[in-house]
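Q: got a structure for you, letters missing:
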Ligand code: YSA
């Protein structure tokens, strides 16, 4: 019993010296833990003669209860001291904690991925091409020579070059140069989708940005006709907008296709009746498309008597706007978290 008394006073002295949570926990393990000194005494009670066991047992149990109480009190004191120290250092511990910021995919990245997933399911592989492009691939190889009026519709960011350089470099105005790049390196059959940023030196408004994204589609094989193009593009549009949405094709001129078309989707807000969002038209343009011009197939070395193909270029921002009911394209790149957090 004298040993117990000595153990108790040693434990209390050490407890009063333990100043922080870590030291208090070490003390708890040393005395009250499974291998702690007090626990060992209690476990050894069975070895004592019966007449001593009762008195020593009562004393040891009382000691354990006292030490547990003393520990709880010291823990509260240590916590209060830690809080006081933080407050003295200018930290207000009553403020609610800060919520961690969780990142998310930009709505254009989300839309782009959904478009590529739908195209992947239809058998298109994905390829990429450079944003800084030769004038040749962006224009000339697509039958748009320097004097061609359709260059005007794609005002261009030209890159500064040394005066002696003969070949001019630009920021691509469309993803169509990748039709040429892909066909130069691959033989038919071709089914490829090329996503990417494009740049046009034009004033921005609710539906026009100077930097936006396109997804280019190209399919070349034996026997491909306009009906394959209509079927594929209609199925793709319905995968994005729902099976009930009407898709229409309007004649349009692009120098690198013959015949060419623009692809419209029925306005989801008015169902085709005409409203503010579709400019009263009832339809919204989502892509340019057409049958790849024979000369283009020949220039990349394909046998144009054997192979035919179709191509299309979709505007990703316009598709994201239609899917989410967004009325101004500039929202995507204003970096306003209130807008971006909605997706
Ligand atoms: C046409 C025929 C093909 O066989 C293949 C592709 C094409 C598309 C062609 N290369 C092209 O760029 N046509 S386009 O100038 O009409 O743009 C295609 C789509 O990009 C448009 O339907 C529109 O959705 C989007 N777009 C065009 N200018 C934009 C824009 N999106 C945002 N801001 C702009 N300034």
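A: Sure, I can see it. Since we're looking at a predicted model, the values are computed, not measured. Residues are numbered from 1 along each chain as shown.
Q: please make it C-alpha for all contacts and neighbour counts, starting now.
A: OK.
Q: which residue packs closest to the residue of the stretch 101-250 of the chain at minimum distance from the ligand, ignoring adjacent ones?
A: As assessed by C-alpha to the nearest ligand atom, the ligand sits closest to residue 208 within the stretch 101-250 of the chain, at 3.5 Å. Distance criterion C-alpha to C-alpha, 6 or more residues apart in numbering; nearest residue to residue 208, sequence neighbours excluded, is residue 329 at 6.7 Å.
Q: before we move on, back to that, tell me, how many residues neighbour the residue of the stretch 101-250 of the chain closest to the ligand?
A: 16 (other C-alpha atoms under 10 Å).
Q: again, but for the one 3 residues further on
A: Residue neighbour count, defined by other C-alpha under 10 Å, stands at 16 for residue 211.
Q: contacts only, for it.
A: Applying C-alpha atoms under 8 Å, 6 or more residues apart in numbering, we find residue 211 in contact with 197-200.
Q: one more: residue 309?
A: Applying C-alpha under 8 Å, 6+ apart, the residues near residue 309 are 218-221, 224-225, 291-292.
Q: which positions in the stretch 51-200 of the chain make contact with the ligand?
A: Residues of the stretch 51-200 of the chain lying close to the ligand by C-alpha under 6 Å from any ligand atom are 174, 176.
Q: for residue 15, which non-adjacent residue is spatially closest?
A: Residue 15 sits nearest to residue 27 (C-alpha to C-alpha, 6+ apart), 6.7 Å away.
Q: the one you found and residue 64: what is the separation?
A: Look at residue 27 and residue 64: by C-alpha to C-alpha, to the nearest Å, they are 13 Å apart.
Q: which one of the two has more residues nearby?
A: residue 27 (20 against 17).
Q: what helices and strands are in contact with the helix or strand harbouring the more buried one?
A: Assessed by DSSP states H and E, residue 27 sits inside helix 21-31. Using 3 or more C-alpha pairs under 8 Å, 6 or more residues apart in numbering; DSSP states H and E, the elements in contact with helix 21-31 are helix 2-17, helix 37-43, helix 50-88.
Q: would CSV of these with mean pLDDT be doable?
A: Below are the helices and strands packed on helix 21-31 laid out as CSV (pLDDT from 0 to 100):
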stretch, mean pLDDT
helix 2-17, 91
helix 37-43, 90
helix 50-88, 90
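Q: any idea which helix or strand carries residue 170?
A: strand 169-171.
Q: just checking, what packs against that strand?
A: In this structure, strand 169-171 packs against strand 132-134, with contacts taken as 3+ C-alpha pairs under 8 Å, 6+ apart.
Q: what sits against the residue nearest to residue 15?
A: Residue 27 sits in contact with 14-15, 18, where contact means C-alpha under 8 Å, 6+ apart.
Q: quick one on the thing from earlier: out of the helices and strands packed on helix 21-31, which is the most enclosed?
A: helix 37-43 (a mean of 16; mean count of other C-alpha atoms under 10 Å).
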